[in-house]
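Participant: Build me a model:
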Amino acid sequence: MHSKELCILTCIYRPDNITSIINFLKSLCPTKDSPVSVRVLHLIKISGRASPIFISHQMQKKTVSRRSISGNVILSFKHFQENNPDVVSVDVFTAISPPKFMHEDICTLALDELACFVVLPFHQKWLVDGSIESVDSTLRTLNCCVLERAPCSVGILIDRGNQVKSIFRESSRGPSLHVAVIFSGGNDDQEALLLAKRMSQQRNIGITIVRFIPSTDEVETDCNNVLDIEALKYIMDDYVEHPEMNYMEERVSDGLETSRKIRSLLAKFDLFIVGRRKYMVTPQTAGLDDMIDYPELGVIGSLLASMDTTERYSVLVVQQQVAL
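Facilitator: Model (predicted):
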């Protein structure tokens, strides 16, 4: 995510993933100096002894019908590219394979295309009233496999009813998209900050860094803490030039207090970006580790995904590339 050109692999499981993914891509501020290269992988599962098929679609070579295989996906992303000429390039692929092999399709394509970030839709779908509409355990297993084996950073995109609100919706004043980065420290949270740094270049996006700090008086001096401070300094370089960027600190004594603080933020933001922070034990999340419903999202991500609320928001859980 440090390079000028951002190469992202996005995965589509269901038709309703398309709008959420495209709206997220819009928030990444593609420009001529810093374009976004998108690789779209439409995943279709087969069963039995049918042979796996991998298709590379040439988007501009021929007319595509919505009735053709992956037609709706191809046309939707083609329009996205056409609406962002010279700053967005798109290639669409289709993988038709048994679910147990789908993670290999994703990881291989990410490696072949030198993707720096893979975006996976969450396996669960919500209705607008906050109730759960559907759960796909096969997709959950797939996402977990990709998290363990991806050759780059990974994000799981959770849509709780707002389809990652478009930054181009009409707004009389102020930002069109309100983004909160929940920061407690560690590599994954630092990766989340880098993503927010890129988003902050879009003037109609408001970025708020919410840093949770233990209420104890102890000052950590380990390597991770030093890197956390450097990451915060890096993104806050834009603070003066970006009037819609804010920073706030919340002192918390344990996970329960963190949970209450996060709940108070739900109505204020459209998108939350959090690090997965696997295996990290900190005072800010103490007491929550055994209560999480979705370990693949980490403590804070699981908290945001499982909260009983009618608020409509999206969550991006980020995992920095793991050592393979």
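
Participant: Same question for residue 296, what's its three-state structure.
Facilitator: helix (DSSP: H, G, I helix; E, B strand; the rest coil).

Participant: For the closest residue in space to it that isn't next to it in sequence, give its distance to residue 156.
Facilitator: Once flanking residues are discounted, residue 296 sits nearest to residue 144: 5.0 Å by CB to CB, 6 or more residues apart in numbering. For every residue, glycine as well, the C-beta is placed using N, CA and C. Computed with CB to CB, to the nearest Å, the distance linking residue 144 and residue 156 is 10 Å.

Participant: so what sits against both of the two?
Facilitator: Taking CB atoms under 8 Å, 6 or more residues apart in numbering as the criterion, residue 144 and residue 156 both touch residue 296.

Participant: And the least confident helix or strand in the chain by mean pLDDT, what's buried?
Facilitator: The weakest-scoring helix or strand in the chain, judged by mean pLDDT, DSSP states H and E, is helix 223-236 (a mean of 80). The neighbour-count check on helix 223-236 (16 or more other CB atoms under 10 Å) flags 228, 231, 232, 235 as buried.

Participant: Give me the distance between that helix and the centre of its chain.
Facilitator: 21 Å (CA atoms, centre = their mean, to the nearest Å).

Participant: So what touches it?
Facilitator: If you take CB under 8 Å, 6+ apart as the criterion, helix 223-236 is touched by 183, 185-187, 189-190, 193-194, 196-197, 200, 209, 211, 245, 247.

Participant: at 7 Å instead, please
Facilitator: Contact partners of helix 223-236, identified using CB atoms under 7 Å, 6 or more residues apart in numbering, comprise 185, 186, 190, 193, 196, 197, 209, 247.

Participant: Pick out whichever of the residues you listed sits closest to residue 295.
Facilitator: Relative to residue 295, the closest of the contacts of helix 223-236 is residue 186; by CB to CB it sits at 16.0 Å.

Participant: I figured residue 115 was touching residue 10, is that so?
Facilitator: No. Taking CB atoms under 7 Å as the definition, residue 115 is not a contact partner of residue 10, at 9.5 Å.

Participant: Of these two, which one has the most company?
Facilitator: When neighbours are counted by other CB atoms under 10 Å, residue 115 and residue 10 differ, and residue 10 comes out ahead with 27 against 24.
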